[in-house]
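J.: Can you look at this prediction? I've put the sequence above it.
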Amino acid sequence: MGSIGIFDSGYGGLTILEGIRHRLPQYDYIYLGDNARAPYGTRSFDVVYEFTLQAVKKLFSLSCPLVILGCNTASAKALRSIQQNYLPDHAPDRRVLGVIRPTAEIVGQLSHTKHIGVLATEGTIKSQSYNLEIEKLHPGTTVVGQACPMWVPLVENNEFDKPGADYFVKDSLDKLMAQDPLIDTIILGCTHYPLLLNKINLYLPPHVKVIPQGRYIATSLADYLQRHPEMEQRLTQGGTCQYFTSESSTKFRQSATLFLQEEITAQRITLGD
Ligand code: DGL
């Protein structure tokens with residue numbers, strides 16, 4: 001028996017945690033942010049895999065039977081290898097799920113033009129994970145990606161609602177829409193980006209829908225637990241959430257408040273073997 005583990009490179013996964021807890025408040029959760037080594041967005045496949053696996057192992061050691069990679073970069077670069085190469089031999093009774101497939105599943109139903117834009121970190125865009133998943137699930141859909149290298153630093157440095165953010169938000173949106181003016185649906189394929197939503201909506205044509213992920217990941221998880229009662233029965237239901245970070249717990253607590261709009265406490269842990 002144990003909690004649902006939610007992992008992110010830093011704070012961004014808190015937007016996923018919030019969506020999940022809103023939908024499934026009865027379970028216990030453990031959030032782990034690898035803040036000491038964030039951002040992951042520009043790191044290589046091997047390094048993202050190594051760091052993500054360390055975090056998954058830590059969440060397993062904290063008794064989580066189920067771990068959600070609430071980070072697009074980790075989902076794009078590490079999920080498949082963990083599922084195929086690590087779990088079968090080392091933790092066959094545990095499960096690790098990501099955020100890309102659930103988002104790709106829903107987005108095909110939301111676009112009328114079948115032209116979809118993806119805003120994400122450089123790593124997620126380069127991996128082509130969204131293109132591959134969406135084109136597989138919704139054949140005939142055109143997917144265009146745009147990396148937004150300045151958006152995570154704007155959020156991490158608490159500049160997301162300041163006037164300076166407008167330039168970088170508009171610049172990336174203009175670049176995306178210039179690639180394909182038929183886009184009518186945009187995925188925020190990075191867990192930090194929902195904090196920029198007010199600015200994003202300022203610079204997009206009104207008919208373009210923007211999809212933050214939290215709500216859809218929550219729906220997908222609820223569906224997963226219904227289809228997998230053997231996993232659901234292993235989850236404790238105390239409605240609690242514990243927070244762990246690889247950086248200073250004080251810094252985590254202060255920044256997490258921006259994402260969650262509530263006071264929390266965090267514990268520092270070390271990742272790695
Ligand atoms: N949380 C990561 C994601 O969703 C972005 C932050 C990072 O680059 O580490 O892709």
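T.: Everything's here; your move. Treat the numbers as computed from the prediction; the structure is a model and nothing was measured. Numbering: from 1, shown residues only.
J.: can you pull the contacts of the residue lying closest to Pro194 once chain neighbours are set aside?
T.: Closest residue to Pro194 apart from its sequence neighbours, by C-beta to C-beta, 6 or more residues apart in numbering: Pro212 at 4.1 Å. Where C-beta positions appear, they are placed from N, C-alpha and C, glycine not excepted. Residues near Pro212 by C-beta atoms under 8 Å, 6 or more residues apart in numbering: 15, 188, 193-194, 197.
J.: how far away is Pro212 from Tyr193?
T.: 7 Å (C-beta to C-beta, to the nearest Å).
J.: Within range of the ligand, give me the residues from the protein.
T.: 8-10, 12, 38-41, 71-73, 121, 124, 152, 190-192 (C-beta under 6 Å from any ligand atom).
J.: among these, which ones are buried?
T.: Using 16 or more other C-beta atoms under 10 Å as the burial test, these include 8-10, 12, 38-41, 71-73, 121, 124, 152, 190-192 as buried.
J.: Quick one: residues contacting Val96.
T.: 56, 66-69, 79, 82-83, 87.
J.: So which of the residues of the chain next to the ligand sit within helices?
T.: 72-73, 124, 152 (DSSP state H).
J.: to the chain's geometric centre, what's the distance from stretch 240-254?
T.: 18 Å (C-alpha atoms, centre = their mean, to the nearest Å).
J.: Can I get it in CSV, CA atoms only?
T.: The C-alpha trace of stretch 240-254 is given here as CSV (Å, rounded to 0.1, in the frame of the first residue of the first chain):
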residue,chain,number,x,y,z
THR,A,240,-2.5,13.9,2.2
CYS,A,241,0.3,15.2,0.1
GLN,A,242,4.0,15.2,1.0
TYR,A,243,6.6,17.3,-0.9
PHE,A,244,10.2,16.3,-1.5
THR,A,245,12.9,18.3,-3.3
SER,A,246,16.5,17.8,-4.2
GLU,A,247,17.2,21.5,-3.4
SER,A,248,16.6,23.6,-0.3
SER,A,249,13.3,22.9,1.3
THR,A,250,12.8,26.6,2.2
LYS,A,251,13.2,27.7,-1.4
PHE,A,252,10.8,24.9,-2.6
ARG,A,253,8.2,26.0,-0.1
GLN,A,254,8.4,29.6,-1.2
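J.: For the stretch 1-150 of the chain, which segments count as helices?
T.: 14-23, 45-61, 72-77, 79-81, 87-90, 100-110, 122-127, 129-137 (DSSP state H, counting those that start in this stretch).
J.: deepest of those, which one?
T.: Per residue and on average, the most neighbours among the helices of the stretch 1-150 of the chain fall to helix 72-77, with a mean of 30 (mean count of other C-beta atoms under 10 Å).
J.: which parts of stretch 22-33 are buried?
T.: 24, 27-33.
J.: Same question for stretch 260-273.
T.: 260, 266, 271.
J.: Just the pLDDT for the residue nearest to the first one when sequence neighbours are not counted.
T.: Distances taken as C-beta to C-beta, 6+ apart place Leu14 nearest to Leu260, at 5.7 Å, with adjacent residues excluded. Looking at Leu14, its pLDDT reads 93.
J.: From Cys71, how far off is Leu14?
T.: With C-beta to C-beta as the criterion, Leu14 and Cys71 are 11 Å apart.
J.: ok, now Leu197?
T.: Counting by C-beta to C-beta, the gap from Leu197 to Cys71 is 18 Å.
J.: ok, now Val210?
T.: Counting by C-beta to C-beta - Val210 and Cys71 are separated by 19 Å.
J.: The residue nearest to Thr15 when sequence neighbours are not counted and Thr240, how far apart?
T.: Distance criterion C-beta to C-beta, 6+ apart; nearest residue to Thr15, sequence neighbours excluded, is Pro194 at 4.7 Å. Pro194 is 24 Å from Thr240, where distance means C-beta to C-beta.
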